[in-house]
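Novice: predicted model follows, preceded by the sequence.
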Amino acid sequence: MRLGVVALLLATGVSACSSAGGEQADDGEYGVLVEACDLVDPVTIAALAGGLAETASRLRQQSGRELTDRVDKTTCHHQFGGSDSVPIAPYDEFAPDTPGTPAYRYVLVTAMRHHAGDGQSGTDLARDWLASDPQARVPDITALGLDDGDIMQRPNGVESYTRIRAVDANLTLLIEYGGADIGAKPAGMPSGEGRDGALRLLTDAAARRPCPTSDC
């Protein structure tokens, strides 16, 4: 058998192995679908519930999949208690914080796998997504082995929350943890609780994220 034919057969075999169980992706990029609910630790969810019972997710934040030729998006949502009956205290920047009783908590984890397109790699598009709404960088994110990320907090209102965005190659993670307390001022959950909870969710996601390729 000629050397050229042997080389062709070997190359074909390598290509078949690299795409088994996934899809072709640039080196280091995720070629497998990342399920957001697989990134969530049930122990953490129970700890972040604030002692509240789980309730039905609102329609706009249901768990599920949305797969397109540009990005594969999966979402995992948990809701505890309810926000409908939580009174909103008027915002007063000079008033001291008043602790309250947990009335509502929610967890939202979204994983998005970006596909190459328009001359850009999936990793380039993931970084563009992060750069589209820049927020404060924190070392806690890269310390988890992720490439980059930022954090933002909304401190007041019925849905006070902390949002973390992170990038790992062509995978982007969006994590929110928020809620409200009855009798609290401001009405939202304490900002420190929100930040700590969101970082705990990100720590779990970083530890539970799959190997980028199907054969590693």
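Specialist: Now that the structure is in, tell me what you want to look at. Numbering: from 1, shown residues only.

Novice: contact partners for residue 144?
Specialist: Residue 144 sits next to 166, 202-203, 206-207 when contact means Cβ atoms under 8 Å, 6 or more residues apart in numbering. From N, CA and C alone the C-beta is placed, and that goes for glycine too.

Novice: what about the strands in this protein?
Specialist: Counting by DSSP state E, one finds strands in the chain at the ranges 54-55, 64-67, 71-81, 101-114, 148-154, 160-168, 171-182.

Novice: residue boundaries of the helices in this structure?
Specialist: Ranges of helices within the chain are 3-19, 42-48, 122-131, 139-142, 191-208, based on DSSP state H.

Novice: buried stuff in the longest one?
Specialist: Taking 16 or more other Cβ atoms under 10 Å as the neighbour-count basis, helix 191-208 is seen to contain the buried residues 191, 193-195, 197-206.

Novice: relative orientation of it and strand 101-114 in degrees?
Specialist: 40 degrees (axes from the mean of the first three to the mean of the last three Cα atoms, to 10 degrees).

Novice: can you put the buried residues of helix 191-208 in TSV and add pLDDT and distance to residue 78?
Specialist: Formatted as TSV, those follow (pLDDT from 0 to 100; distance: Cβ to Cβ, whole Å):
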residue	pLDDT	distance to residue 78
191	84	20
193	92	16
194	92	15
195	94	18
197	97	12
198	97	13
199	97	17
200	98	14
201	98	10
202	98	15
203	97	17
204	98	13
205	97	14
206	96	19
